[in-house]
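Student: Sequence plus predicted model, see below.
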Amino acid sequence: MIEVRGLHKRFGALQVLAGVDLTIRPGRITAVVGPNSAGKTTLIKTILGLTRSDAGVIRLDGREIDPAGRYREDVGYMPQIARFPDNLTAADLFRMMRDLRHGTRRDEELLDTLRLREHLDKPLRVLSGGTRQKVNAALAFLFAPSLIILDEPTAGLDPLSAGVVKDKVMAEREKGRTFILTTHVTSDLEELADDIAFLVDGRIRFSGAVTMLKRMTRQLSLERAIARVMEGDLAA
Amino acid sequence: MRTVVKIAGYGARDLLRSRWLLAYAGFFAVASFTLLRFSDGETKALLSLVNVVLLIVPLASVIFGTMYLYAAREFVELLLAQPIRRRQLFAGLFAGLSLPTVLAVVTGLLAPMVIMGVSRSGLAIAGWLAFVAAVLSIAFTAIAAAVAYFVDDRVRGLAAALGIWLLLAVVYDAAVLMAAVQLSDYPLERPLLAAMFANPIDLSRLLLLQQFDTAALLGYTGALFQRFLAGAAGGIVAVSALAAWIVLPTLAGARLFQRKDF
């Protein structure tokens, strides 16, 4: 379980996170949603330690995350942008990530299902944007971590590959893994999200199960329910 | 330490396959070969190479370093999401960037000299030239790291890197010369010596020119520099000052990296 309490982050004059309180339940897919500049990526990056918070705590299974980053041994991350060193091959990249980890668990299923093996020996600069994004997806799952953070996981992927990644997410959720994802694609939310954390102006306006959100907004579709929250209407 | 070496190893593997680095090494090889082959004597060729190194190495290192680090921003985010410490990542990235650059310039400079059979005294000077080229490469890569992690915007960062090079390679000398002319009635030897030590390019030029017999042509100030640098204390101070030009920007870059929000 991940607990975020009183998280604040300011970039210059811009208060991006203004006291975020959030609980991510284990074994579920939590989608962090909200309008542009709501602080979604900053929240994710703060959980990962890429961004330093000004105040607040983040606890992973009851323990405050340590700045040395040992907790990241059990975390997978798929960033939104897939840019790698030009002259390394995909095989070099996978080898590098394996060298930086100590665990022995491996999950190379996406290398096959996303048909990445045929690209392993090519320099990363010659791979298309979509193929590089597939590499990112495979890296996030490679060490079979307990927590997987996906930032816009289907952006840039063709429908077939997006489907493969979504199937993988759901299959791993069934095995008890926890997911945090951000996406602007409503169909991805409908398909994947168990819980919604709705972030507006750096604060959580709603967090809870998708079914609860629909009930509170009296909407049948998640898209309309989210639209109601954006309008500030939580008629519970 | 093992983590640092691994990160540096993959960084070096990336750069050693880059066409840019090959072209960089090739440039120095062609310059070295052409000057040795067509100059009027070995000493003149080496003096010309000193000027090429002092101009090109800082410029190429600071611009390439800055561009590389901005381009690697998303990859650094991916690496930071792995179970490694920030200082390990910075050290690995920095070593993986600076060492291939050093290898390229040193190989490019020395290979033609070895092949063409330069005299023993010429090789001694070439050794100093390679040493200074290596130090300047690392120092200006460190400056690039400090710039890249201080300035978020890529274009402004590149402009700042270019500005620092322009300041140290061109403007600084002009300012020192103007000050020397304006204050010519005063004893300026010691302030000038201090001014030379405060600029890695000038300090490198001084160290290299001391290796040539032509150092005597530098006049009274040159004689003073030669006397200072020939002494054990002076030599230690000079090499320490050059080392400081590696250590201080590297520490600044590491500190900025440690605190940076990605």
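Tutor: Yep, that arrived.
Student: pretty sure residue B:55 is in a strand, no?
Tutor: No. Assessed with DSSP: H, G, I helix; E, B strand; the rest coil, residue B:55 is helix; it does not lie in a strand.
Student: from what I can see it touches residue B:169, true?
Tutor: Yes. Shown here, residue B:55 and residue B:169 form a contact pair, counting by CB atoms under 8 Å, at 6.6 Å. Placement of C-beta: from N, CA and C, glycine included.
Student: If you tally nearby residues, what's the number for the closest residue to residue B:107 other than its chain neighbours?
Tutor: Counting by CB to CB, 6 or more residues apart in numbering or on different chains, residue B:107 lies nearest to residue B:25, which is 5.6 Å off, once chain neighbours are set aside. Residue B:25 has 20 neighbours, counted by other CB atoms under 10 Å in any protein chain shown.
Student: Next: the one 4 residues further on.
Tutor: Counted with other CB under 10 Å, the burial measure for residue B:29 works out to 19 neighbours.
Student: Next, work out how far apart residue B:199 and residue B:51 are.
Tutor: 16 Å (CB to CB, to the nearest Å).
Student: all helices of chain A, in order?
Tutor: A:40-48, A:90-100, A:109-113, A:129-141, A:159-174, A:186-192, A:210-217, A:222-230 (DSSP state H).
Student: Give me the distance from the longest one to the chain's centre.
Tutor: Offset of helix A:159-174 from its chain centre (CA atoms, centre = their mean, to the nearest Å): 13 Å.
Student: What residues does the stretch 51-200 of chain B have near chain A?
Tutor: Counting by CB under 8 Å from any CB of the partner chain, the stretch 51-200 of chain B comes close to chain A at B:71-75, B:77-85.
Student: Pull the most distant pair out of these.
Tutor: B:71 and B:83 (24.4 Å; CB to CB).
Student: The two: which is more packed in?
Tutor: More neighbours surround residue B:83 than the other of residue B:71 and residue B:83, with 19 against 14 (other CB under 10 Å).
Student: Flag the shaky bits of the stretch 151-262 of chain B, pLDDT-wise.
Tutor: Scanning the stretch 151-262 of chain B for pLDDT under 70 picks out B:213-224.
Student: one more time with 90, if that's ok
Tutor: B:173-198, B:205-241 (pLDDT under 90).
Student: Packing partners of the helix or strand hosting residue B:163?
Tutor: Element membership for residue B:163 (DSSP states H and E) is helix B:154-166. In terms of contacts (3 or more CB pairs under 8 Å, 6 or more residues apart in numbering or on different chains; DSSP states H and E), helix B:154-166 is packed against helix B:42-71, helix B:120-150.
Student: Distance from the chain centre to that helix, please.
Tutor: 16 Å.
Student: ok, and what's touching that helix?
Tutor: B:58-59, B:62-63, B:65-67, B:70, B:140, B:143-144, B:147-148, B:150-151 (CB atoms under 8 Å, 6 or more residues apart in numbering or on different chains).
Student: Between residue B:55 and residue B:169, which is the more surrounded one?
Tutor: Set residue B:55 next to residue B:169 and count neighbours by other CB under 10 Å: residue B:169 wins out with 18 against 14.
Student: I'd say the more buried one and residue B:61 touch.
Tutor: No. Applying CB under 8 Å as the test, residue B:169 and residue B:61 come out as separate, 11.8 Å apart.
Student: and the closest residue to chain A within the stretch 101-250 of chain B, backbone torsions?
Tutor: Going by CB to the nearest CB, chain A is nearest to residue B:152 of the stretch 101-250 of chain B, at 9.8 Å. As for residue B:152, its main-chain torsions (degrees, to the nearest 10) stand at phi -70, psi -40.
Student: What distance do you get for it to residue B:260?
Tutor: From residue B:152 to residue B:260 the distance is 9 Å (CB to CB).
Student: Neighbour count for these two, which is higher?
Tutor: Using other CB under 10 Å, the more surrounded residue of residue B:152 and residue B:260 is residue B:260, with 18 against 13.
Student: Next, the contact list for the more buried one, please.
Tutor: For residue B:260, the contact set (CB under 8 Å, 6+ apart) comprises residue B:149.
Student: mind running it again at 10 Å?
Tutor: When contacts are counted by CB atoms under 10 Å, 6 or more residues apart in numbering or on different chains, residue B:260 touches A:50-52, B:76, B:80, B:86, B:90, B:148-150, B:152.
Student: Show the buried residues in these.
Tutor: Neighbour counting by 16 or more other CB atoms under 10 Å in any protein chain shown classes A:50-51, B:76, B:80, B:86, B:90, B:148-149 among the contacts of residue B:260 as buried.
Student: can you redo these as a markdown table with distance to residue B:156 and pLDDT?
Tutor: Converted to a markdown table, these look like this (distance: CB to CB, whole Å; pLDDT from 0 to 100):
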| residue | distance to residue B:156 | pLDDT |
| --- | --- | --- |
| A:50 | 22 | 94 |
| A:51 | 21 | 94 |
| B:76 | 19 | 96 |
| B:80 | 23 | 95 |
| B:86 | 24 | 95 |
| B:90 | 21 | 97 |
| B:148 | 11 | 97 |
| B:149 | 13 | 96 |
